[in-house]
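Trainee: sequence and predicted model, in that order:
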Amino acid sequence: MSGPQGTQVAGGADFRPRVEQLLTDILGLMGFPARLDLQDAADGSLSVALHFESGPPPGVEAGKRSQVLDSLQFLLNKMLHRPGVERRWVMLGAGGHPEPRPRREAAQAQASAPVATVAQVAAASAPAQPARTAPAPAAQPARAARGAQPAAQAPKAAAAQQGPAKGSETDERSVQCEEDAVLREAVRKLAEKSASLGRFYAFAAMKTEDRARVLRAVEGVGGVKVAAEGEGRNRRVVFTPAKPAPMPKRSMLPDDDEDDVDA
């Protein structure tokens, strides 16, 4: 199928077979083959549900987004969308089709729309109240004495009602979990490699228990600092060598001039 001035359209007759073949090859190389269910989405994109044959990869859960799935989706769209080809996005979901995401234009219009404050809504919906007469001066000190809190206790009471601050993460070193001998050996080798070569490494898309196992496994390894950083699904375990070494120029990756895929 061809578009204006002979450009190839990504949504042509060969688009679905290309997507299916690329995904099958990538998942096969990863060691996690899956049955693919392709479906046209309402926004014009192609939705693909991945039904893994022998369980999903680490960090992937059915019906949830993950760094592994986002990275696979980004890679797939990069391989499909070449210069001179009209783009048609491919969205991936684990165990089912992903939920449609709002278009960028709609999200920007929604963000720029005026939003009424809670006070404005309450003022508009509240019925008219008759004017109240001022209380007698003698009653004011007694009411203040019964209902008021000391100034020093008011902030503490408000903080107790609000609970813990948002974005706070669990300290993995305090998590109790069983030791994994295979993971411990692999992690210690990576820590020693980071210290000897001066390279930075990181583990992403891990559960809290696995991050706790990693932090316990590296105890006693010198020349490297290992800590958990980030929040939510972006939280990772980072290996920071005491003496970082610069990367050789010949191993630098080339710049990618293509536009980023809106994953």
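Mentor: All right, it came through fine. Numbering: from 1, shown residues only.

Trainee: touching, Gly63 and Gly95? I think so.
Mentor: Yes: Gly63 is in contact with Gly95 according to C-beta atoms under 8 Å; the separation is 5.8 Å. In this view, the C-beta of every residue, glycine as well, is placed from N, C-alpha and C.

Trainee: so if I had to pick from these two, which one is more boxed in?
Mentor: Gly95 (15 against 10; other C-beta atoms under 10 Å).

Trainee: do you know the pLDDT at the residue nearest to that one when sequence neighbours are not counted?
Mentor: In this structure, Gly95 finds its nearest non-sequential neighbour in Ala62, 3.0 Å apart by C-beta to C-beta, 6 or more residues apart in numbering. Confidence at Ala62, expressed as pLDDT, is 88.

Trainee: isn't Ala62 right next to Pro56, touching?
Mentor: Yes: counting by C-beta under 8 Å, Ala62 touches Pro56, with 7.0 Å between them.

Trainee: so what sits against both of the two?
Mentor: 94-95 (C-beta atoms under 8 Å, 6 or more residues apart in numbering).

Trainee: the more surrounded of those two?
Mentor: Pro56 (18 against 13).

Trainee: so who does the more buried one touch?
Mentor: 32, 50, 62, 94-95.

Trainee: let me know whether Arg233 touches Arg65 as I believe.
Mentor: Yes: counting by C-beta under 8 Å, Arg65 is a contact partner of Arg233 at 7.5 Å.

Trainee: which stretches of the chain have low pLDDT?
Mentor: Applying pLDDT under 70 to the chain flags residues 1-12, 85, 101-168, 249-263.

Trainee: let me see the ranges of the helices in it.
Mentor: 15-30, 67-80, 104-112, 118-125, 139-147, 154-162, 181-197, 208-217 (DSSP state H).

Trainee: end-to-end on stretch 23-38?
Mentor: From its first residue to its last, stretch 23-38 covers 11 Å (C-alpha to C-alpha, to the nearest Å).

Trainee: how about it: buried residues?
Mentor: For stretch 23-38, burial by neighbour count (16 or more other C-beta atoms under 10 Å) applies to 23, 27, 32, 34, 36, 38.

Trainee: would you convert these into a markdown table that also reports distance to Glu86?
Mentor: Below are the buried residues of stretch 23-38 laid out as a markdown table (distance: C-beta to C-beta, whole Å):
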| residue | distance to Glu86 |
| --- | --- |
| Leu23 | 20 |
| Leu27 | 26 |
| Phe32 | 31 |
| Ala34 | 27 |
| Leu36 | 23 |
| Leu38 | 19 |
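
Trainee: farthest pair in these?
Mentor: Phe32 and Leu38 (18.0 Å; C-beta to C-beta).

Trainee: tell me who's in contact with Glu61.
Mentor: Shown in contact with Glu61 (C-beta under 8 Å, 6+ apart): Ala94.

Trainee: beta-bridge partners for Phe203, please?
Mentor: In this entry, Phe203 is beta-bridged to Val237, by DSSP bridges.

Trainee: now it: how far from Arg235?
Mentor: According to C-beta to C-beta, to the nearest Å, Phe203 and Arg235 sit 10 Å apart.

Trainee: anything in contact with each of these two?
Mentor: Arg211.

Trainee: pull the number of nearby residues for Leu72.
Mentor: Leu72: 21 neighbours (other C-beta under 10 Å).

Trainee: ok, now which ones touch it?
Mentor: Leu72 is in contact with 26, 92, counting by C-beta under 8 Å, 6+ apart.

Trainee: going forward can the numbers begin at 652, since that is how I track them
Mentor: All set: I'll call the first residue 652, so the last point we hit is now Leu723.
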